[in-house]
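Trainee: here you go, sequence then predicted model.
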Amino acid sequence: MTKPVILTGLRANNDLTLGNYFGGILPIIKMAKDYSSEFQINMFIPDLHSFTTPIDHTKLQAQILHNARLFVAAGLPLDNPNIHLYRQSHVSAHSELTWILDCFTGMGEMARMTQFKDKTSQIGEDRVSIGLFNYPVLMAADILLYGARYVPVGEDQTQHLEFTRDIAERMNKKFGNLLTPPEPVAKQYEFFGKSKGLRIMDLVDPTKKMSKSDEQGRGVIFLGDDPQAAAKKVMSATTDDLAYVRYDKTNQPGISNLLEILSLLRGISLEDTVKEFEGHNKYGDFKRAVADEVVIFLTNFQKALAECDDRLISAKLKASEELMRQQAQATLYRVQKAIGLR
Ligand code: TRP
């Protein structure tokens, strides 16, 4: 009897932010631990996705390993036999299934993907690669190779998840029962609960999400930031001139964001955090409290990162990749056979 699969991938380029940590990595690791007795947990580094937009290729290897270490430093257990950690490019079936699914995917379907349209307008049409266009198909292959039932992703990825269901159903209609579509997005939310809500905002422009792909990073706290430099970013965060600490996202987005960050760093509820500071009229003191917590958090986290055992990580990657190759190959073979390649 094989267990149902929960699968998720975290992109390997750029340093991750405080937002990625509290909104992505931590909840995923908690989920992995909570569900690992009933489910097979697939956590992977989508390294083939790393260069859909231009990157510095001399840094990619280090970045991939760094990503694995981030998971471990954040608490991912390496000795749990139901949790797998692997690199996408080390399981060649991902690339092979992508090509096959490509040939059953419409141009129009991909052109409608919101993330593709957004990125295209950001980086300019002449820099857009076929890989960027095509990447939801690779993502579908990532999921379908293991018949994953649940796929925790951010809101920006739900359209790709819907596409994964579409392409699976299309293949099944044409070739019989071939692929297992993941649960619909609504069911995913039901299963994972409310974790989709968390959004840490940019410190300079608190009306937009703190983003790891922000080129300048003045409003972004990266996990690799020097703690004192990060504290400075907090001290110069955009606030308002109301001189009254209050949780009010509409009128005081900057202050509200800092309150949220503080509650996450302290591991206490937002309510209790608000209670402590509500009404303060000296933003400097309040910011100092947040900056101090940022320093403590980054110092501890970076220490944990430096203490990661690379040999253990490398052994885990190799063992998981070996097993994943077997599972993925079985699905690929079924598809190859159905379409007449075998
Ligand atoms: N596209 C996802 C992102 O940018 C990463 C990803 C790639 C992924 N393949 C996946 C996530 C499969 C979940 C399942 O965040």
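Mentor: The structure has been received and is ready for your questions. Residues are numbered from 1 along each chain as shown.

Trainee: helices along the stretch 151-300 of the chain, start to end?
Mentor: 158-175, 185-192, 227-235, 253-266, 270-277, 283-306 (DSSP state H, counting those that start in this stretch).

Trainee: what residues sit buried inside the last one?
Mentor: For helix 283-306, the neighbour count (16 or more other CB atoms under 10 Å) marks 283, 286-287, 289-291, 293-295, 297-298, 301-302, 305 as buried. Where you see a C-beta, it was placed from the backbone N, CA and C, and this is true even at glycine.

Trainee: again, but for stretch 162-170
Mentor: 163, 164, 165, 167, 168.

Trainee: for my notes, confirm residue 6 occurs in a strand.
Mentor: Yes. Assessed by DSSP: H, G, I helix; E, B strand; the rest coil, residue 6 belongs to a strand.

Trainee: distance of it relative to the ligand?
Mentor: Using CB to the nearest ligand atom, to the nearest Å, we find residue 6 at a distance of 10 Å from the ligand.

Trainee: just to revisit the earlier point, which two among the buried residues of helix 283-306 are spaced furthest apart?
Mentor: 283 and 305 (31.5 Å; CB to CB).

Trainee: quick one, phi/psi of the residue of the stretch 1-150 of the chain found nearest the ligand?
Mentor: Nearest residue of the stretch 1-150 of the chain to the ligand (CB to the nearest ligand atom) works out as residue 9 at 3.3 Å. Residue 9 adopts backbone torsions of phi -130, psi 150, taken as degrees, to the nearest 10.

Trainee: residue 85 now?
Mentor: phi -130, psi 120.

Trainee: bridging across strands, which residues link to it?
Mentor: residue 43 (DSSP bridges).

Trainee: so it makes contact with residue 76?
Mentor: Yes. With contacts counted by CB atoms under 8 Å, residue 85 reaches residue 76, the gap being 7.0 Å.

Trainee: shared neighbours of the two, which are they?
Mentor: residue 43 (CB atoms under 8 Å, 6 or more residues apart in numbering).

Trainee: can you tell me how far residue 155 sits from the ligand?
Mentor: With CB to the nearest ligand atom as the criterion, residue 155 and the ligand are 11 Å apart.

Trainee: and the longest helix anywhere in the chain, what other elements does it pack with?
Mentor: Ranked by residue count under DSSP state H, the longest helix found in the chain is helix 310-339. In terms of contacts (3 or more CB pairs under 8 Å, 6 or more residues apart in numbering; DSSP states H and E), helix 310-339 is packed against helix 60-73, strand 83-87, helix 93-102, helix 158-175.

Trainee: which other helices and strands does the longest one contact?
Mentor: In terms of contacts (3+ CB pairs under 8 Å, 6+ apart), helix 158-175 is packed against helix 114-123, helix 130-144, helix 185-192, helix 310-339.
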